[in-house]
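Visitor: quick one, what's the 3D model for this:
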Amino acid sequence: QKLKMAALFTLCLFVIISSKPSIVNSTKQYDNLCASNDIIGRAIIQAVNLTWPGLEAVKAAASKGDLNSACHELAVYYATSNTSRWLRQREVAPGTKKMGGAADQIMQDIYYESGVKETCKVPRNKDGGLDWYYEGPRKDPEFMNCLNRHGSFQVLLDAYMTTGNPIYSQRFSDLIADWVLHLPCRQGVSRSSWNATGSNMSCATGTMESPWRVLEAGIRTVGPWPIGFFGFQHAKEFTETSRVLMILGVSEHFAVISGPGRSAHTPNWAMTQWAGLVNIAVTFPELNGANDMLHTALDELTSLLKDQVYPDGVETEMAFGYDMGTAMDFFNVIQNLHVSGHTSVNMEFKQHVEAMFNYGAYATDQQGYGPRNGDADLSKGTGYHSTATSLFNRSDWLYVITQGRNGTKPTGPSPSRVFPWSGQVFLRSGWERQGTWAWFDVGPYGSSGHAHRSKLAINIRAYESMLLVDSGRFQYNGVGPSKTLHDMYSRTTHAHNTLTFDKKEQQAAPPLATSPILNHTWNLTDNSDSICGSMDLYDGLEGKVQHSRSVYYKRYQEGSTGIKTNYFVIVDRVTSDRPRYIQQTWHMHPNSTLFSEGNQKPYSIIGVNPDTSRPTSAGLHIIPAEGMATSWDKYSLVKGQIGNDTDWYQGWYSPNYDGHWPAPTLVFELEASQTHKDPYFAWLMIPVPEVSHAISASISLTSVAGNLATVHVTINQTIDEIVMSLD
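Guide: Model (predicted):
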């Protein structure tokens with residue numbers, strides 16, 4: 001009989017790693033591999049706190065050396081108890097309908113990984129297991145990383161709960177067993193097999209890229225692993241073997257996230273890592289060390305909030321998508337402690353997390369898109385979370401995100417917002433959907449490689465259109481043009497809407513702000529806003545130069561013609577110890593065009609709808625100043641320029657990870673002379689709903705006295721005199 005059972009478990013192990021979804025629920029009571037694989041069986045039982053209430057049968061079997069029965073009782077405990085009840089799903093009636101879409105693609109080993117915007121078929125290994133190290137057709141390790149975040153588990157659970165079709169629960173069970181068996185992470189176990197010995201941690205690859213990076217471990221444990229494990233408890237296709245292997249996998253995550261070498265590569269990795277540890281500590285309290293892990297993780301997260309999130313709520317990496325991703329990590333910690341009945345975090349912790357969501361809400365434009373600072377994609381809805389809005393009782397966030405249809409109108413004289421520690425500035429006409437929005441950067445570089453050298457850059461959107469844009473992040477790793485543009489272009493100063501000097505880039509400095517920007521550098525009122533900043537750090541630049549930029553925004557006013565306008569004035573002062581070659585770039589979406597080309601003024605950009613990427617009727621008039629402002633030597637329109645020994649990459653755009661589209665860029669150039677080595681520039685920018693309509697507008701820099709510049713703006717016969725501070 002023992003020989004027959006051993007043969008059965010050998011067969012079970014084979015079908016687990018076969019390419020076909022052939023694991024079926026055996027009619028035998030004890031269908032797991034703990035007896036046939038002593039190494040795995042002992043590792044599973046050793047992971048569990050056998051004194052935990054409800055595990056008496058597990059402990060009794062283990063004390064007799066009956067690993068098979070012990071693992072069976074462990075699976076029964078999780079199937080029949082009410083632990084982590086907030087994650088458990090109702091039992092569904094069996095069905096035969098197909099879900100379609102991503103779920104059925106997974107059944108064919110085709111995976112869509114949204115993090116890298118890639119869909120492809122993942123090959124199988126010789127033993128039938130999925131190749132979890134596959135880097136996709138672009139040989140991009142980021143595809144491997146995203147594949148191992150296991151977003152597919154949620155897709156399969158949704159499909160199963162919708163259709164009741166057992167093929168989805170079967171595939172989930174297969175994938176869990178396959179992953180745990182093929183990717184052990186334990187001291188003394190070979191990377192190739194649980195049954196072979198090794199000298200190091202089996203999951204260590206010697207590089208930053210690994211399915212066991214703490215970022216991926218954190219993402220798995222924040223969501224798909226606990227959600228999948230408890231969500232599929234009613235599914236008979238979720239075999240005992242897969243259930244106990246998943247418990248083993250969770251214990252490995254405990255060790256990896258909190259063990260030696262746990263240091264994260266960037267702050268957002270660390271925040272996700274420790275948030276994941278909190279989640280599995282409260283959802284799997286039966287595992288050894290869970291309570292200690294919980295307190296360790298909370299201590300680490302408290303330190304990260306203090307050290308890596310500014311008091312204004314902005315995460316120090318200076319990239320909006322990562323800001324809000326980490327905000328969700330912290331929020332999930334608060335939620336998980338609440339639903340699991342643990343003591344909540346302190347008030348300071350909660351207030352800091354509230355500040356992160358406050359930033360997200362007020363940084364978002366009228367269409368729901370966040371700013372594209374650093375490695376931020378063009379993403380909609382990232383800055384708002386309804387549950388967080390309810391928890392923090394912030395009906396003003398609801399007002400912002402619904403363009404004033406719901407919630408409570410925000411207080412204050414101006415709808416614009418300045419986040420003084422991070423130096424992130426958001427100028428806006430109001431909350432209406434057709435309104436104007438701009439992002440202006442007067443802050444530090446950022447604490448990781450996700451930041452861009454973009455200080456004093458400005459992006460503008462209005463009338464549901466993108467007007468001045470950020471070039472994007474392109475492809476982090478792998479091969480191809482998008483990877484080249486990420487390395488050579490995306491983070492550079494000339495990929496942003498600001499000045500460069502002698503073709504030198506801003507330094508990646510300072511990484512952190514040590515104090516907020518000074519109060520006198522910004523002013524928000526009911527009809528206008530102003531803000532200024534400066535930059536004097538440039539890589540490889542001979543001598544010294546300082547660029548000061550002041551932005552003034554005038555909200556809607558009705559001129560003598562009865563047409564309402566709002567506009568921006570930008571004044572640049574360059575202070576240099578020698579003449580410089582100066583370049584100003586204004587970047588557009590690939591589907592934007594200039595309404596009037598050549599050296600005519602104004603330069604009129606046709607806008608693009610962010611939802612459809614199609615041109616709109618709206619636009620932006622860009623008018624260089626006259627008077628005391630220095631004239632540019634020449635102007636050109638650059639699109640899709642390839643870098644070489646004399647020219648840099650210019651005129652490219654990426655809306656998200658990957659992608660590389662030629663994009664029109666207005667380039668203004670000046671070879672400053674010795675007598676004009678300290679030039680002033682000024683610009684008038686007018687967003688309009690119909691760019692084809694004629695407009696009469698001009699700007700003149702009339703005087704400069706100390707740190708004050710006076711400009712006269714004329715729009716359709718209405719003249720405004722504006723005094724702007726440059727310091």
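Visitor: use CA for all of it now, contacts and neighbours both
Guide: OK.
Visitor: what ranges do the helices span in the stretch 51-200 of the chain?
Guide: For the stretch 51-200 of the chain, the helices defined by DSSP state H, counting those that start in this stretch occupy 56-63, 67-80, 101-106, 141-147, 151-163, 166-182.
Visitor: ignore what I typed, I meant the stretch 251-400 of the chain.
Guide: For the stretch 251-400 of the chain, the helices defined by DSSP H, counting those that start in this stretch cover 267-283, 290-308, 320-339, 347-363, 386-391, 395-401.
Visitor: also the stretch 451-600 of the chain?
Guide: 481-485.
Visitor: where does the prediction get shaky in it?
Guide: 557-563, 596-600 (pLDDT under 70).
Visitor: most tightly packed of the helices of the stretch 251-400 of the chain?
Guide: Greatest average neighbour count among the helices of the stretch 251-400 of the chain goes to helix 267-283 (a mean of 26), per mean count of other CA atoms under 10 Å.
Visitor: re the thing from before, do you know which of the helices of the stretch 251-400 of the chain lies nearest residue 115?
Guide: helix 320-339 (11.5 Å; CA to CA).
Visitor: any idea of the angle the closest one forms with helix 347-363?
Guide: Between helix 320-339 and helix 347-363, the angle formed by their directions is 140 degrees, by axes from the mean of the first three to the mean of the last three CA atoms, to 10 degrees.
Visitor: ok, and for stretch 109-120, which residues are buried?
Guide: Using 16 or more other CA atoms under 10 Å as the test for burial, stretch 109-120 gives 109-113, 116, 118-119.
Visitor: just those residues now: which is nearest residue 727?
Guide: The nearest one, if we look at the buried residues of stretch 109-120 relative to residue 727 and count by CA to CA, is residue 116, at 41.6 Å.
Visitor: tell me how far the closest one lies from residue 659.
Guide: For residue 116, the distance to residue 659 equals 10 Å [CA to CA, to the nearest Å].
Visitor: what sits against the closest residue to residue 456 other than its chain neighbours?
Guide: The shortest distance from residue 456 to any residue other than its chain neighbours is 5.0 Å, reached at residue 441 (CA to CA, 6 or more residues apart in numbering). Counting by CA atoms under 8 Å, 6 or more residues apart in numbering, residue 441 touches 423-425, 454-458.
Visitor: check residue 679 too.
Guide: By CA under 8 Å, 6+ apart, the neighbours of residue 679 are 573-575, 629-630, 672.
Visitor: pick out the most distant pair among these.
Guide: Farthest pair in these, by CA to CA: 575 and 629, 14.1 Å.
Visitor: of those two, who's got more company?
Guide: The residue with more neighbours, out of residue 575 and residue 629, is residue 629; 23 against 17, by other CA atoms under 10 Å.
Visitor: overlap of the contact sets of residue 116 and residue 659?
Guide: residue 475.
Visitor: ranges for the strands of the stretch 101-250 of the chain?
Guide: Under the criterion DSSP state E, counting those that start in this stretch, the stretch 101-250 of the chain contains strands at 110-113, 118-121, 187-189, 197-201.
Visitor: next: the stretch 501-650 of the chain.
Guide: 522-524, 528-535, 545-558, 564-576, 581-587, 603-608, 615-624, 626-627, 634-638.
Visitor: separation between residue 719 and residue 712?
Guide: Distance, residue 719 to residue 712, using CA to CA: 7 Å.
Visitor: now distance to residue 165 too, for the contacts of residue 679, in a markdown table please.
Guide: Formatted as a markdown table, the contacts of residue 679 follow (distance: CA to CA, whole Å):
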| residue | distance to residue 165 |
| --- | --- |
| 573 | 67 |
| 574 | 67 |
| 575 | 70 |
| 629 | 70 |
| 630 | 71 |
| 672 | 71 |
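Visitor: and of those residues, the nearest to residue 687?
Guide: Nearest to residue 687 among these, with distances taken as CA to CA, is residue 629, at 22.1 Å.
Visitor: list the contacts for the closest one?
Guide: Per CA under 8 Å, 6+ apart, neighbours of residue 629: 679-682, 700-701.
Visitor: pull the helix or strand with minimum mean pLDDT from this protein.
Guide: In the chain, no helix or strand scores lower on mean pLDDT, DSSP states H and E than helix 2-16, which sits at a mean of 34.
Visitor: what sits closest to the spatially most central residue of the chain if chain neighbours are left out?
Guide: The C-alpha lying nearest the average C-alpha coordinate of the chain belongs to residue 321 (CA atoms, centre = their mean; 3.0 Å). Distance criterion CA to CA, 6+ apart; nearest residue to residue 321, sequence neighbours excluded, is residue 376 at 5.1 Å.
Visitor: list the contacts of the one you found.
Guide: Per CA under 8 Å, 6+ apart, neighbours of residue 376: 319-322, 472-473, 656.
Visitor: for residue 659, same thing?
Guide: Each residue near residue 659 by CA under 8 Å, 6+ apart is listed here: 474-475, 482, 653.
Visitor: and it, what's its pLDDT?
Guide: You'll see residue 659 listed with a pLDDT of 87.
Visitor: repeat that for residue 322.
Guide: What the model reports as pLDDT for residue 322 is 94.
Visitor: that one contacts residue 269, correct?
Guide: No - the criterion here is CA atoms under 8 Å, and residue 322 misses it with residue 269 at 9.6 Å.
Visitor: tell me where the model's unsure across this structure.
Guide: In the chain, residues with pLDDT under 70: 1-31, 186-208, 260-263, 557-563, 596-601.
Visitor: again, only this time at 50
Guide: Counting by pLDDT under 50, the ranges of the chain that qualify are 1-29, 188, 190-191, 198-200, 206, 559-561, 597-598.
Visitor: picking up where we left off before, and residue 551, which of the helices of the stretch 51-200 of the chain is closest to it?
Guide: Between the helices of the stretch 51-200 of the chain, helix 141-147 lies closest to residue 551; by CA to CA that is 38.3 Å.
Visitor: for the closest one, packing partners?
Guide: Counting contacts by 3 or more CA pairs under 8 Å, 6 or more residues apart in numbering; DSSP states H and E, helix 141-147 packs against strand 110-113.
Visitor: picking up where we left off before, need the helices of the stretch 251-400 of the chain in JSON lines (columns: distance to residue 498).
Guide: Shown next, in JSON lines, are the helices of the stretch 251-400 of the chain (distance: least, CA to CA, whole Å):
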{"stretch": "helix 267-283", "distance to residue 498": "28"}
{"stretch": "helix 290-308", "distance to residue 498": "27"}
{"stretch": "helix 320-339", "distance to residue 498": "20"}
{"stretch": "helix 347-363", "distance to residue 498": "20"}
{"stretch": "helix 386-391", "distance to residue 498": "35"}
{"stretch": "helix 395-401", "distance to residue 498": "29"}
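Visitor: of these, which is nearest residue 548?
Guide: helix 347-363 (23.5 Å).
Visitor: and the angle for that closest one with helix 290-308?
Guide: With the same axes, to 10 degrees applied, the angle from helix 347-363 to helix 290-308 works out at 50 degrees.
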